[in-house]
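Asker: kindly return the folded structure for what I paste below:
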Amino acid sequence: MIQVDGLVKVYRGGKRSVDGVSFQVAAGEVFAFLGPNGAGKSTTAKILTTLMAPTAGTARVAGHDVVRESRQVRERIGYVAQSTGIDYFMTGRENLTLIGHLYHLKGDALARRVDEMLAYFGLTEVADQMAASYSGGMQRKLDIATSLLHEPKVLFLDEPTLGLDAQSRIDLWDYVRKLNADLGVTVFLTTHYLDEADRLAHRVGIIDRGVLQAVGTPGELKDMLKGDSIAVAIEDEKARSRAHALIGAAPFAKEVLEEEEGVRVYVDNGGETVADLFAVLAKDGIRVKSVTLARPTLDDVFIKFTGRSMDKVEEKVRPWWAQWAGDNWDQQGGEEWKGNKWVDADGSPKDKEAFEAWTREQAAEEPDTAPETAPDAPRKASSGQDAGWAGNEWVNADGTPKDPEAFAAWAGGEAADGGETPKEEAVSEEKRDDEAPKGKAQPGGWAGNEWVNADGTPKDPEAMAKWLKETGASKGSK
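Answerer: Residues are numbered from 1 along each chain as shown. Reported below is the predicted structural model:
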């Protein structure tokens with residue numbers, strides 16, 4: 001049902017979000033794409049749902065190429081994004097009816113299908129209430145219901161239980177199992193919850209940093225780690241590498257991995273081995289803080305292939321400027337988000353054009369990794385520095401002068417008559433930026449002359465500040 005071969009996605013600037021990913025999903029299968037935030041899960045899902053073009057590689061969904069036959073793919077899939085797609089100010093029934101119309105369903109067929117979905121997800125009693133009154137779990141069910149109206153062959157769920165409470169997550173898992181079993185829908189879900197992948201999926205693909213590390217059933221993946229897992233926390237950080245070497249040389253150790261607080265050892269029989277492990281470490285004077293014995297889990301599988309635990313992998317939410325600066329921001333600019341090589345002390349980017357271009361590119365190509373809101377940096381004009389031409393001591397945030405009469409007099413023009421603000425239609429953004437007059441200021445054309453730049457900033461800020469001060473003083477004396 002899904003065939004992916006050598007899929008690659010590289011963003012401008014060289015960020016490689018998906019790196020040569022290949023896998024297959026059979027018809028009627030629930031396939032979980034497991035990985036931490038930023039691993040490439042959502043990017044892969046967007047490519048498979050035709051929302052994003054790959055840089056290289058191919059992908060086919062329901063027998064159709066996602067690039068060359070995108071329309072046919074869309075007709076055969078349902079997609080539920082991380083963020084809800086429902087309208088909170090419409091009822092559940094109205095939301096379903098609206099989406100049904102977008103799928104070209106009409107009349108009795110649409111009404112019947114809406115009723116079926118409401119009943120299937122247990123929403124009939126609240127069908128005519130606004131979606132804003134629904135619980136998080138109910139809203140998520142409505143989201144999934146909208147994606148099933150046209151009876152798709154494949155359902156894509158991007159982090160379907162993100163933000164839900166424990167009971168709502170379990171309820172939603174039941175519905176996913178049910179629709180897979182009852183309707184035969186192939187399900188591709190992305191998740192960073194280990195238990196979700198373990199309990200829901202027929203097979204799991206583990207992805208980290210854009211690379212697919214392993215694919216198999218949960219049981220097959222765990223069987224790669226025969227025996228038991230022992231996590232050993234070492235008190236002295238300096239002794240951890242020594243502990244790794246000592247345990248690795250012991251006859252009971254099948255495999256030893258370094259962890260943040262110590263080491264993880266895989267053995268045949270954990271209960272019989274713990275005492276031997278303590279003896280090896282005590283002989284060298286290494287103090288143990290804690291020991292945890294368990295059967296292998298998907299987290300152990302993740303550790304085996306990536307060298308780190310899913311439970312401890314947290315996506316570091318970097319400030320907008322750090323994302324813009326690139327991967328080496330922490331070495332080049334430090335953690336302080338103001339007053340470094342990219343950002344002024346007032347929080348505004350030093351290279352505004354480059355930052356605005358980057359923001360547009362991120363919003364267009366990778367909305368899930370772009371900043372949620374564009375930075376509204378403070379704009380404070382200072383002598384000799386253009387830190388933001390609008391919203392300073394001379395110009396309002398909308399670009400109009402704060403004192404039109406004084407400004408007109410200073411500029412030598414006649415833009416203000418009796419203190420009136422220049423007409424908005426005469427001072428359009430297009431006029432100021434693209435067709436600014438080159439000579440002396442004229443009525444309605446106060447920017448782009450011998451005193452004022454095309455962007456509205458004074459060519460000599462110090463002279464203007466001095467003039468405004470003198471003008472203000474003379475007005476005050478009158």
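Asker: which residues in the chain form strands?
Answerer: 2-10, 16-25, 30-34, 56-61, 64-65, 77-80, 154-158, 186-191, 203-208, 211-216, 228-234, 255-258, 262-267, 288-294 (DSSP state E).
Asker: closest one to residue 278 among those strands?
Answerer: Evaluated over the strands of the chain, closeness to residue 278 peaks at strand 288-294, with 6.6 Å, by Cβ to Cβ. C-beta: built from backbone N, CA, C; applies to glycine.
Asker: how close does the closest residue to residue 50 other than its chain neighbours get to residue 154?
Answerer: Distances taken as Cβ to Cβ, 6 or more residues apart in numbering place residue 70 nearest to residue 50, at 4.1 Å, with adjacent residues excluded. Counting by Cβ to Cβ, to the nearest Å, the separation of residue 70 from residue 154 is 14 Å.
Asker: what about those two, which has more around it?
Answerer: Between residue 70 and residue 154, counted using other Cβ atoms under 10 Å, residue 154 has the larger neighbour count: 22 against 16.
Asker: I'd like to know how many residues surround the spatially closest residue to residue 64 that is not a sequence neighbour.
Answerer: Take residue 64 and drop its neighbours on the chain: the residue closest to it by Cβ to Cβ, 6+ apart is residue 72, 4.2 Å away. Neighbourhood size, residue 72 [other Cβ under 10 Å]: 16.
Asker: residue 72 contacts residue 66, doesn't it?
Answerer: No - with contact defined as Cβ atoms under 8 Å, residue 72 does not count as touching residue 66 (9.7 Å).
Asker: JSON lines for the strands of the chain, including mean pLDDT?
Answerer: Output for the strands of the chain, formatted as JSON lines (pLDDT from 0 to 100):
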{"stretch": "strand 2-10", "mean pLDDT": "95"}
{"stretch": "strand 16-25", "mean pLDDT": "93"}
{"stretch": "strand 30-34", "mean pLDDT": "93"}
{"stretch": "strand 56-61", "mean pLDDT": "95"}
{"stretch": "strand 64-65", "mean pLDDT": "96"}
{"stretch": "strand 77-80", "mean pLDDT": "92"}
{"stretch": "strand 154-158", "mean pLDDT": "93"}
{"stretch": "strand 186-191", "mean pLDDT": "93"}
{"stretch": "strand 203-208", "mean pLDDT": "92"}
{"stretch": "strand 211-216", "mean pLDDT": "92"}
{"stretch": "strand 228-234", "mean pLDDT": "85"}
{"stretch": "strand 255-258", "mean pLDDT": "82"}
{"stretch": "strand 262-267", "mean pLDDT": "85"}
{"stretch": "strand 288-294", "mean pLDDT": "84"}
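Asker: sorry, back to before: now the residue nearest to residue 50: how far from residue 51?
Answerer: On the measure of Cβ to Cβ, residue 70 and residue 51 end up 9 Å apart.
Asker: and residue 194, by the same measure?
Answerer: In terms of Cβ to Cβ, residue 194 sits 27 Å off from residue 51.
Asker: which of the two has more neighbours?
Answerer: Neighbour tally, residue 194 and residue 51, criterion other Cβ under 10 Å: the higher count belongs to residue 194, 21 against 17.
Asker: ok, now how distant is that one from residue 45?
Answerer: Counting by Cβ to Cβ, the gap from residue 194 to residue 45 is 19 Å.
Asker: same question, residue 32
Answerer: Counting by Cβ to Cβ, the gap from residue 32 to residue 45 is 12 Å.
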